[in-house]
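[1] Let's see this in three dimensions:
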Amino acid sequence: MRRSVIPTIAHRLAILCYIAFALFPLFWLLKVSVTPNDLLYTEGVRMWPSRTTWDHYAFVLEHSAFPTFFKNSLIVSTATAVTVTICASLSGYALSRFNFRAKYWIVALMLLTQMFPLVMLVAPIFKILSPLHLTNSLTGLVIVYTAFNVPFATFLMQSFFDGIPRDLEEAAMIDGATQFTAFRQIILPLTLPGIAATLGFVFTAAWSELLFALMLINGNDAATFPVGLLTFVSKFSVDFGQMMAAGIMALIPAGLFFLLIQRYLVQGLTAGAVKG
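    Below is the predicted model of the structure:
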């Protein structure tokens, strides 16, 4: 009995240590966001300040452009997630169910797009978007984010479609349904966990993306949240309290989004691990 208890306790302790390690940065983010400026550098390292304040949150909401950054990020991330998921669902289904000429070349090209460093592609993309007046534009960001996320999302959705027996579609088509009807009414409902996983991955990637948002956007009107955090960094100082307060508020949409899709997300992340 002792031999069975010790591994269990060690396993639970390991899980608790991992959770503490993962959540401690968020706790420190919250701690700094409620610490008054006069205590940030005078109290030293403490687990919680001797006095708290909500002034940083009030300043971020009332005297900064953070609401605009927040709105822009929400628009770009939602539009990108929905667009990528639709494209990936259709293309993933095509790769899973149909054999056509140049199929493997298309797959190889999609894989090739994932091998280039993003920094190397900034200048060409800017050169392409500039004549189209898509720089300094949320539409341009959505197009770029969609282009970079579709290949991976397609392979992700393909793995879910591969796990669904073809017999279900064949039975529906025997009963008179078309291929698209079988896809829409039978296959898509079965892949809701995969769709949720894809939505979550793409939304998070677009929400936290900095490089293209920084290089393609100039000005606060179209800036997103990651770029907006840089406005709290001045030439001679950093407003850590305001920056951390903005970071805490920026976590709210992502947290609510994952809370809404968590039931499907857990199924989706584990469905591809077992086939059949």
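[2] Could you measure from residue 260 over to residue 196?
    Residue 260 is 9 Å from residue 196, where distance means Cβ to Cβ, to the nearest Å. Bear in mind the C-beta positions are built from the backbone N, C-alpha and C, glycine included.
[3] And these two? Which one has more around it.
    Neighbour comparison, residue 260 and residue 196: the larger count goes to residue 196, with 22 against 13 (by other Cβ atoms under 10 Å).
[4] which neighbours do residue 260 and residue 196 share?
    Taking Cβ atoms under 8 Å, 6 or more residues apart in numbering as the contact rule, residue 260 and residue 196 have no neighbour in common.
[5] Could you pull out the buried residues of the host helix or strand of residue 90?
    Assigned by DSSP states H and E, residue 90 belongs to helix 66-97. For helix 66-97, burial by neighbour count (16 or more other Cβ atoms under 10 Å) applies to 66, 68-70, 72-81, 83-85, 87-89, 91-97.
[6] With stretch 102-120 instead?
    Here stretch 102-120 shows residue 110 as buried, counting by 16+ other Cβ under 10 Å.
[7] for the record, mean pLDDT for that stretch?
    Throughout stretch 102-120, pLDDT has a mean value of 85.
[8] List of residues touching it?
    95, 148, 151-152, 154-155, 211-212.
[9] measure the closest residue in space to residue 241 that isn't next to it in sequence to residue 89 for me?
    Counting by Cβ to Cβ, 6 or more residues apart in numbering, residue 56 is the residue found nearest to residue 241 once chain neighbours are left out, at 4.1 Å. Distance, residue 56 to residue 89, using Cβ to Cβ: 42 Å.
[10] got it, and residue 28?
    Distance of residue 28 to residue 89, computed by Cβ to Cβ: 39 Å.
[11] in this protein, which residue is closest to the centre?
    What sits nearest the mean C-alpha location of the chain, by Cα atoms, centre = their mean, is residue 204, with 1.1 Å.
[12] What's the first helix or strand after the host helix or strand of it?
    Per DSSP H and E, residue 204 falls inside helix 192-208. Downstream of helix 192-208, the first helix or strand assigned by DSSP H and E is helix 211-216.
[13] Can you list the buried residues in that next one?
    212-213, 215-216.
[14] what does stretch 144-153 give?
    Within stretch 144-153, the residues that count as buried by 16+ other Cβ under 10 Å are 144-146, 148-153.
[15] still on that earlier bit, can you tell me which of the buried residues of helix 211-216 lies nearest to residue 247?
    residue 213 (15.9 Å; Cβ to Cβ).
[16] what's the pLDDT at the closest one?
    Per-residue pLDDT puts residue 213 at 91.
[17] now the helices for this structure?
    When assigned using DSSP state H, the helices of the chain occupy the ranges 2-33, 37-40, 55-62, 66-97, 103-113, 118-129, 138-162, 167-174, 179-182, 188-190, 192-208, 211-216, 225-228, 240-271.
[18] Now render these as TSV, adding distance to residue 46.
    Shown next, in TSV, are the helices of the chain (distance: least, Cβ to Cβ, whole Å):
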stretch	distance to residue 46
helix 2-33	8
helix 37-40	9
helix 55-62	17
helix 66-97	27
helix 103-113	48
helix 118-129	39
helix 138-162	40
helix 167-174	59
helix 179-182	61
helix 188-190	52
helix 192-208	29
helix 211-216	34
helix 225-228	29
helix 240-271	15
